[in-house]
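# Sharing a sequence plus its predicted fold:
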Amino acid sequence: MSAFSDALSVTTTGLQAQAARLRVLSENIANVDTPGYHRKTIPFEVVPTGSDVSGVQPGDVRLDRSELTRIHDPAHPLADGNGNYDGSNVDLIIEIADAREAQRSYEANLKMFQQTREMSSGLMDLLRR
Amino acid sequence: MFQNLDVFRTAMAMARHAGVKQAFSAQNIANADTPGYRARDLPEFRDTMRESLMGQRATRENHLNGSTTRTLDFSERRDALDPNGNTVSLEQEMVSAVGAQRQHDRALAIYRNNLNILRTSLGRK
């Protein structure tokens, strides 16, 4: 395999991993008000894709086991004797910051893909003459 | 005649080096958020030149000239360690990738121009 196809396949794994991360993040954000919801996290791992280069793949989704927020609302159907119920442990600030980072990395990968294509089409122009 | 062939060989080695450099940049950017990943760096093209003017040190077994050492000598960046053990800096990778593209364009321009010289010497346009 040439270096260009290696580069393209590695970049593709990066795009897929960031997209998977964004999907998990949007699940967390959508469930910020769901009672008893634990936020999901997705780890990234190095995976060999070419002869010399290695890409990235998302690992298994895990649940964040940190404590749920206790919300005081006696009128809520799930409220206990003291009028409290379990909310989610999603922190919107963290999710949004993570989403920004994912977006930044996604765009960097996209830029890389574009540039590799430009380089390989330059090579093709040389052959076409 | 042989000089011309060496020009082609050097230009192609340069283009190939730029391609590998680009692949390494792509790998670093893809792993920009992987915990514990160490950014990889390739030596500059001029550092891979042999002592004599004729040809380069082969860094891959499919290189056109020279020995068949398989090992690709890359270095790992140790600076700017993130809390999760990652050493990729997107800004640095951007610079490195643009450098690779420019090197590739330069190599192709050298190749094309020398091809034109050969064509002209044959009396073609």
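In hand now; what should we look at? Residues are numbered from 1 along each chain as shown, chains lettered A, B, ... in the order given.
# Residue 41: how many residues sit nearby?
Here I'm looking at chain A. 15 (other Cβ atoms under 10 Å in any protein chain shown). All C-beta atoms are positioned from the backbone trio N, CA, C, and that covers glycine.
# um, chain B though
17.
# where in the chain is pLDDT low?
Here I'm looking at chain A. Where chain A drops to pLDDT under 70, the residues are A:1, A:129.
# ah, I was thinking of chain B
Chain B contains residues with pLDDT under 70 at B:1-4, B:49-73, B:78, B:125.
# As a check, name the ranges of all helices in it.
Counting by DSSP state H, chain B has these helices, from start to end: B:2-30, B:90-121.
# Could you pull up the residues touching the residue of chain A found nearest chain B?
Nearest residue of chain A to chain B: A:Gly14, at 3.0 Å (Cβ to the nearest Cβ). For A:Gly14, the contact set (Cβ atoms under 8 Å, 6 or more residues apart in numbering or on different chains) comprises A:Gly55, A:Val56, A:Ser105, A:Asn109, A:Met112, B:Ala26, B:Ile29, B:Ala30, B:Asn31, B:Ala32.
# Apply 10 Å and report the result again.
By Cβ atoms under 10 Å, 6 or more residues apart in numbering or on different chains, the contact set of A:Gly14 is A:44, A:55-57, A:105-106, A:108-110, A:112-113, B:26-34.
# for A:Pro58, same thing?
By Cβ under 10 Å, 6+ apart, the contact list for A:Pro58 reads A:13, A:16-21, A:23-24, A:42-45, A:47.
# what is it paired to in the beta sheet?
Beta bridges link A:Pro58 to A:Phe44, judged by DSSP bridges.
# Report the central residue of chain A.
Nearest to the mean C-alpha position of chain A, by Cα atoms, centre = their mean, lies A:Arg21 at 1.3 Å.
# So among the contacts of A:Gly14, which ones count as buried?
Taking 16 or more other Cβ atoms under 10 Å in any protein chain shown as the criterion, what is buried in those is A:44, A:55-57, A:105-106, A:108-109, A:112-113, B:26-34.
# A:His72 touches A:Ala79, doesn't it?
Yes - taking Cβ atoms under 10 Å as the definition, A:His72 is a contact partner of A:Ala79 at 8.3 Å.
# Quick check: neighbours shared by these two?
A:Tyr85.
# When these two are compared, which one has more neighbours?
Shown here are A:His72 and A:Ala79; by other Cβ under 10 Å, A:Ala79 has more neighbours (15 against 10).
# how about that one, secondary structure?
coil (DSSP: H, G, I helix; E, B strand; the rest coil).
# Enumerate every residue touching the nearest residue to it once chain neighbours are set aside.
Excluding the flanking residues, the one nearest A:Ala79 by Cβ to Cβ, 6 or more residues apart in numbering or on different chains is A:Tyr85, at 4.8 Å. Contacts for A:Tyr85 were tallied using Cβ under 10 Å, 6+ apart; they are A:35-36, A:68-74, A:76-79.
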